[in-house]
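>>> Let's see this in three dimensions:
(2 chains)
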Amino acid sequence: MMQFTAIPEPALRLVLCIVALAVFIGLNGLLLVYMERKVAGHIQRRPGPFEVGPHGILTPVADALKLVGKQLVAPQGADPWLFWTAPILSFMPIFVLFLPIEFGPGLFGVQTNLGLLLILAFAGFNVLALCLAGWGSNNKWGLLGAARAVAQSVAYEIPLLLSLLAVAFMTGTLDLSETVAQQGAWPWQWNLVTQPLAFVIFFTCAVAETNRAPFDMPEAESELTAGFHTEYSGMGFGLFFLAEYAEMIVVCSLATILFLGGWKGPFLSGAWWFLVKMYALLTVMMWFRWTYPRVRFDQVLNICWKWFIPLALVNLLATAVLVKVF
Amino acid sequence: MAIEARIKQTPKPETGVLGTLRETAKGLWSLIVGLGVTGKYFAGKQVTVHYPRQTVEPEALTGYRGHIELVGKPKTPDTPRCIMCMKCMRICPSGCISIKAQTEKLPPQPEVEEGPQESQVPPPQPKKPKKTLSKFSLDYSLCSLCSLCVLHCPVKSLQHSKHVYWAETDKKDLTVDLLERLRRSAKEAS
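The predicted structure follows:
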């Protein structure tokens, strides 16, 4: 680093990273909104957005401008502090979640040997944000959505953690860069081959944790209008929305790093392989959303407690035994 | 009977450990089948019409129920079959049909002489004044397309049109004279 800067290098790196991440999250949010609507359209045998720009490519920009331009309204009787804290609390931890992710060789925000733990710890903030949003809105749908969000997220965090722990047992590290380094470039050298069950459990729990269909109980439109964000307008809603897409990117990145060899590929290893794998997983998530009907609430919890937690535990135990033996 | 037969056909969910496992496997397989269905649609051709740039031909609109229109007589297509019975006007729940009929003015009947001698020929029946339809207006802004008028017309003088792309910016423009419309379309057809 240059001598005349009074700012220490790690701090400078952090600031640059956060700026870059803000741009990355914003651009990806726009892209994912467009992608989601196009995927929805094509699955339903229609073209999707088509009017703004060629093939509707500017539709998300118009959407974003509309959201930014809208008045922020809080309902009567809402708790103003909780109501406005919630969207910010939902969005702010996103930056932390992205910091330890290694997008390409050496392309990460913070070098830490506890990257996985950092992500899992800060991902929990979202539940609190959803809870505050539902409680602070003074709205019955909001409250029901919040209650569902808490029950669902708390339940699904357990198998999610257990399935990731199995990978951590195998690699012997919580460092995401190290996990990528231990995997090879070819698909049969990825952790997916040794931990297929963990991958399935992790990916399904990730869908549930990000409140995506078929597990979108907290915002089930047909029952709760919009669940926890019923009362939010303009950028209040926009932040929740952006946070949801950013979390989708985070879980897909985690799946890429832990199970699919990160930025390594059979040829020309680099950040672009990471993006390809991440976007493939994101497309699968969207494909799920437009294929499966919403699961009933008791079914959501039954799947988690009766299937995923026992399976993840068995998987973890088997991994532990095998790691000890070999 | 049919319903009972169908109920018998649906298999009961299996019980027991093995049965539950088999049910779960079946369920998981159905998830993959579902993805296959939507995947095929995703890759396949779109079936919607891109409206302002593409339109559907009226011939392709089988079963489409547009606003009502008058049906002309087979020989004279510009005069409607309507006999002005006003049934459609009375049955319409929204009151969107209004009919005006013109009665022909007859020349005054010559007085029949009443003589002492009774003639063998009965006196001629007084000629009925001829009614003609002068206006058949439809306020489409009120119409709910319930089809009652079409069903109740005794001479099948009403039908649903295939006029799909009708939009106006003013509510007043949604009131049309169907008689004029019939004449115009008859002229266009000839």
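>>> burial of A:Ser137, as a residue count?
Applying other CB atoms under 10 Å in any protein chain shown, we find 26 residues neighbouring A:Ser137. Where you see a C-beta, it was placed from the backbone N, CA and C, and this is true even at glycine.
>>> State the distance from it to A:Ser153.
Distance, A:Ser137 to A:Ser153, by CB to CB, to the nearest Å: 18 Å.
>>> what's the answer for A:Glu36, then?
Distance from A:Glu36 to A:Ser153, by CB to CB: 22 Å.
>>> Between the two, which has more neighbouring residues?
For A:Glu36 versus A:Ser153, neighbours defined as other CB under 10 Å are more numerous around A:Ser153 (24 against 20).
>>> Run through the residues that contact the more buried one.
Counting by CB atoms under 8 Å, 6 or more residues apart in numbering or on different chains, A:Ser153 touches A:Gly124, A:Asn126, A:Val127, A:Leu130, A:Ala208, A:Glu209, A:Asn211.
>>> Mind telling me what element the fourth one is part of?
Read that as A:Leu130. Per DSSP states H and E, A:Leu130 falls inside helix A:125-136.
>>> Any buried residues in the very next helix or strand once past that helix, and which?
Counting by DSSP H and E, the next helix or strand C-terminal to helix A:125-136 is helix A:140-171. Across helix A:140-171, burial judged by 16 or more other CB atoms under 10 Å in any protein chain shown covers A:141-153, A:155-171.
>>> Can you show me the helices along the stretch 151-300 of chain A?
Ranges of helices in the stretch 151-300 of chain A, per DSSP state H, counting those that start in this stretch, are A:176-182, A:191-194, A:196-209, A:221-224, A:234-259, A:271-289, A:297-302.
>>> Dump those to a markdown table, plus distance to B:Glu14 and mean neighbour count.
Formatted as a markdown table, those follow (distance: least, CB to CB, whole Å; neighbours: other CB atoms under 10 Å in any protein chain shown):
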| stretch | distance to B:Glu14 | mean neighbour count |
| --- | --- | --- |
| helix A:176-182 | 41 | 20 |
| helix A:191-194 | 32 | 18 |
| helix A:196-209 | 23 | 22 |
| helix A:221-224 | 30 | 14 |
| helix A:234-259 | 33 | 23 |
| helix A:271-289 | 26 | 18 |
| helix A:297-302 | 17 | 15 |
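>>> could I get those helices as CSV with distance to chain B and mean pLDDT?
Putting the helices of the stretch 151-300 of chain A into CSV (distance: least, CB to the nearest CB, whole Å; pLDDT from 0 to 100) gives the following:
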stretch, distance to chain B, mean pLDDT
helix A:176-182, 28, 84
helix A:191-194, 17, 83
helix A:196-209, 10, 90
helix A:221-224, 19, 76
helix A:234-259, 17, 89
helix A:271-289, 6, 90
helix A:297-302, 11, 86
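>>> B:Leu158 is nearest to which of those?
Distance to B:Leu158, taken as CB to CB, is lowest for helix A:221-224 among the helices of the stretch 151-300 of chain A, at 39.2 Å.
>>> Touching that closest one from outside, list them.
Helix A:221-224 is contacted from outside by A:Trp141, A:Leu144, A:Gly145, A:Pro218, A:Thr230, A:Arg294, using CB under 8 Å, 6+ apart.
>>> Put the alpha carbons of it into CSV.
Output of helix A:221-224 as CSV, limited to C-alpha atoms (Å, rounded to 0.1, in the frame of the first residue of the first chain):
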residue,chain,number,x,y,z
GLU,A,221,-49.7,-14.3,-0.7
SER,A,222,-52.8,-16.4,-0.9
GLU,A,223,-53.3,-16.6,2.9
LEU,A,224,-51.4,-13.6,4.4
